[in-house]
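Participant: pasted the sequence and its predicted model underneath.
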Amino acid sequence: MPPFLEAFLFNKTFKLLASLTLTKAELRKLFINKRKQLSLAEYGDLNQKLLLQFTQLDLQGVHCIHLFLPIHERKEPDTFLMREWLSNHHPQITQVFPKANFADYTMQNFADDAQLELATNAFGIPEPVNGNKIETTTIDLILIPLLAFDLKGYRVGYGKGFYDRFIAQCRPDVRLVGISLFEPIEVVMDVNEFDQKMQQCITPNKIYIF
Ligand SMILES: Nc1nc2c(c(=O)[nH]1)N(C=O)[C@@H](CNc1ccc(C(=O)N[C@@H](CCC(=O)O)C(=O)O)cc1)CN2
Ligand SMILES: Nc1ncnc2c1ncn2[C@@H]1O[C@H](COP(=O)(O)OP(=O)(O)OP(=O)(O)O)[C@@H](O)[C@H]1O
């Protein structure tokens, strides 16, 4: 099939499916595919737009921000751009990066300071291997990786519950801000008792407030 026809059909099918009520598992597949379909130029363009939206986020009262570092092969939002922007424009804000433990699906968190050493793990995630650990209760805002999200502020991740568990350990007033290359779907069907709604979600077009 010619590539333009394949892309056309993919887009048509995607729009149709995304307008239905799907489960997290179905949404995961759909959005992983949608990322794969992005050309490197489109991915780069979306990342620039995400950065621009991120710069509009109200950071008043935020002293400590938690952000994941991107798996480039999976075309995750390039949070290295936000790290750079934050360190230039808000050097007083402490940035914190997670290190995932796949044995129990928990995360430890490390400050972005002179002692921080990063290395790419087996899943392609740039992660701290050395540095200063940060207590979860010092974190004011968490930037959350998403595969998909809905208009109410519910999210779909890779499905291991890393963020659900992590958020449960944070202060109850911690701000949850998603970051997504794509726009929201109507509704995530199978929301469970561990799912916490985000307050905001950044996309290349706008910041959603829930
Ligand atoms: N950049 C980034 N860092 C992050 C996350 C993320 O989504 N993005 N996480 C957000 O939670 C945690 C890591 N979560 C992950 C969950 C699954 C897989 C993964 O590759 N899963 C395989 C299946 C592996 C298995 O079953 O053992 C797969 O999807 O093919 C990777 C990371 C913590 N750090
Ligand atoms: N606080 C918790 N304690 C124990 N298990 C949890 C907790 N939070 C979530 N889980 C489990 O983790 C899994 C998360 O699956 P879910 O489909 O909600 O993933 P997700 O929203 O894509 O999550 P994430 O992005 O956090 O990986 C579920 O099996 C859930 O029961």
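Facilitator: Cool, got the structure. Ligands and ions are numbered 1, 2, ... in the order given.

Participant: this structure: strands as residue ranges?
Facilitator: 64-67, 94-101, 106-111, 117-120, 126-130, 141-145, 148-149, 155-156, 175-179, 200-202, 207-209 (DSSP state E).

Participant: in a markdown table, list those along with mean neighbour count and distance to ligand 2.
Facilitator: (C-beta placed from N, C-alpha, C; glycine too.) As requested, those are exported to a markdown table (neighbours: other C-beta atoms under 10 Å; distance: least, C-beta to the nearest ligand atom, whole Å):
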| stretch | mean neighbour count | distance to ligand 2 |
| --- | --- | --- |
| strand 64-67 | 22 | 13 |
| strand 94-101 | 20 | 10 |
| strand 106-111 | 19 | 10 |
| strand 117-120 | 13 | 20 |
| strand 126-130 | 16 | 16 |
| strand 141-145 | 22 | 7 |
| strand 148-149 | 26 | 9 |
| strand 155-156 | 26 | 5 |
| strand 175-179 | 23 | 10 |
| strand 200-202 | 22 | 14 |
| strand 207-209 | 15 | 17 |
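
Participant: could I get those as CSV with mean pLDDT?
Facilitator: Shown next, in CSV, are the strands of the chain (pLDDT from 0 to 100):
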stretch, mean pLDDT
strand 64-67, 98
strand 94-101, 98
strand 106-111, 97
strand 117-120, 97
strand 126-130, 97
strand 141-145, 97
strand 148-149, 95
strand 155-156, 94
strand 175-179, 97
strand 200-202, 98
strand 207-209, 98
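
Participant: tell me which of these sits nearest to residue 185.
Facilitator: strand 148-149 (5.8 Å; C-beta to C-beta).

Participant: is the closest one anywhere near ligand 1?
Facilitator: No: using C-beta under 6 Å from any ligand atom, strand 148-149 stays clear of ligand 1, with a minimum separation of 12.4 Å.

Participant: residues in contact with that strand: which ones?
Facilitator: Strand 148-149 is touched from outside by 27-28, 30-31, 155-156, 178, 180, 182, 184-185, 188, 198, 201, 208, with contacts defined as C-beta atoms under 8 Å, 6 or more residues apart in numbering.

Participant: now the most centrally placed residue in the chain. Nearest residue, chain neighbours left out?
Facilitator: Residue closest to the average C-alpha location in the chain (C-alpha atoms, centre = their mean): residue 145, at 1.6 Å. Take residue 145 and drop its neighbours on the chain: the residue closest to it by C-beta to C-beta, 6 or more residues apart in numbering is residue 68, 4.9 Å away.

Participant: how far away is that neighbour from ligand 2?
Facilitator: Between residue 68 and ligand 2 the computed distance is 10 Å (C-beta to the nearest ligand atom, to the nearest Å).

Participant: could you do residue 114 as well?
Facilitator: To ligand 2, residue 114 is 30 Å away according to C-beta to the nearest ligand atom.

Participant: and stretch 193-203, end to end?
Facilitator: From its first residue to its last, stretch 193-203 covers 26 Å (C-alpha to C-alpha, to the nearest Å).
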